[in-house]
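K.L.:
model this:
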Amino acid sequence: MKKLLAAVLALAMMLTMTTGAFAVNEDVEGELVIYSSMYQFVLDMMDEALKAEFPNLVPGNDGSFFFYGGTSSLIQKLYGEMGPDKTGDLSCDMLLVAEPALSLELKEAGYLEPVEIENPDQLLRFPYDAEGYWYPVRVCNMVLAYNPEKVDEWAAKGVTIPKTFKDFAEDPALKGYISMGNPMTSGTTFAAVASLTQDNHYGKDYLKGLAANEVMIESGSTALTKLETGECAAIMILEESVLKALKDGEDAGNPKTNLACIYPEDGVVLIPSTVMTVAENHSKNVNIEACEAVEKWLLSEDAQRLIMQGYMHSTFAGMKEFPFGSVDTDSLIAKDLGVDWENAYKNREAINTAWTETVTTK
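P.N.:
Next up is the predicted model:
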């Protein structure tokens, strides 16, 4: 009897394992390359998940599915591949970049393939393309950050930690004590600059304020270090960079008390990052079926939870969870300044020129 019971249990386990194996997308084959601006540690998690979900799909970039670059840098790479007449083929099959303005541009240029997602209006709490050419997958959040341990020291110097984006650029006491990223290389910083300089926000005078306050242009890691050492009073930075630093400290048994986010009182800038499938006649591997399968997986609950592990917010409507150390996503949506993505696309060069002439050549 015991032997029979053991045999039955073993058979049940085998059936369970077999059922799980068939649930994996084993029929998705070929090669795939995705251009992405997500941080490398997130791409590493995504790579591992994709290889498990699609065991017969070949990573097309030196063992990885992803080619990494900042969004603005990837845009320049895409322009080079498209060529001046916008007819060239791309060296990727999909794109997962930081700001939707590029989605509008590539759709108009005929470089995207539509993908049908079931009930996107019920699934997503951020805008998507009605024809299926792009969908938001992750949400980056541009905030300010400061060092709670240095507040009194800054006050003694006559410096008040800014509570708004407006004060960050316009409070003269902050001159020489603020830092932010470079919109010429970072898509999220470009999105923030595009938003803050819109006529319905602070206009081009915002750039004059940054220049007058001698904003330092540097990487997020450098800015965080200067914040912790007291060289900067406040920085404009992605929330995810701050949250990761806080989680790393906690995991190491050394919780950080010298770093915190400021969710500006005049609003945050939410940047829904989109996924796009390259049109078959312009893609590297001509593998539309695989692209569609991966795109649908990116809009699955499993993938969305990986996004939150990367300290970004989910695009799913009704998703109550949010990244470690953050706040409720819907509350952020309620105070989102918003970005005019059509303006960001149509006036990309003008926005970059204004930045260069006003801020970097001050």
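
K.L.:
what's around P136, how many residues?
P.N.:
For P136, the number of neighbouring residues by other Cβ atoms under 10 Å comes to 24. From N, CA and C alone the C-beta is placed, and that goes for glycine too.

K.L.:
contact partners for it?
P.N.:
Applying Cβ atoms under 8 Å, 6 or more residues apart in numbering, one finds that P136 lies in contact with 100, 124, 126-128, 272-274, 315.

K.L.:
and it, that's in a helix?
P.N.:
No. Residue assignment for P136, taken from DSSP: H, G, I helix; E, B strand; the rest coil, gives strand, which places it outside any helix.

K.L.:
quick one, grab the pLDDT at it.
P.N.:
The score at P136 is 97. That number is its pLDDT.

K.L.:
next: L5.
P.N.:
With respect to pLDDT, L5 scores 43.

K.L.:
what's the answer for V8, then?
P.N.:
At V8 the predicted local distance difference test score is 42.

K.L.:
correct me, but N56 touches V28?
P.N.:
Yes. Here N56 lies in contact with V28, judged by Cβ atoms under 8 Å, at a distance of 6.5 Å.

K.L.:
now do the buried residues in stretch 341-353.
P.N.:
In terms of neighbour count (16 or more other Cβ atoms under 10 Å), stretch 341-353 has its buried residues at 341, 343-345, 347-348, 351-352.

K.L.:
dump the residues you listed into JSON lines; add secondary structure as well.
P.N.:
Compiled in JSON lines, those are given as follows (three-state DSSP):
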{"residue": "W341", "secondary structure": "helix"}
{"residue": "N343", "secondary structure": "helix"}
{"residue": "A344", "secondary structure": "helix"}
{"residue": "Y345", "secondary structure": "helix"}
{"residue": "N347", "secondary structure": "coil"}
{"residue": "R348", "secondary structure": "helix"}
{"residue": "I351", "secondary structure": "helix"}
{"residue": "N352", "secondary structure": "helix"}
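
K.L.:
pLDDT and distance to S72 for these - can I get that in a markdown table?
P.N.:
As requested, those are arranged in a markdown table below (pLDDT from 0 to 100; distance: Cβ to Cβ, whole Å):
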| residue | pLDDT | distance to S72 |
| --- | --- | --- |
| W341 | 96 | 15 |
| N343 | 96 | 17 |
| A344 | 95 | 12 |
| Y345 | 94 | 13 |
| N347 | 96 | 15 |
| R348 | 93 | 9 |
| I351 | 97 | 11 |
| N352 | 95 | 8 |
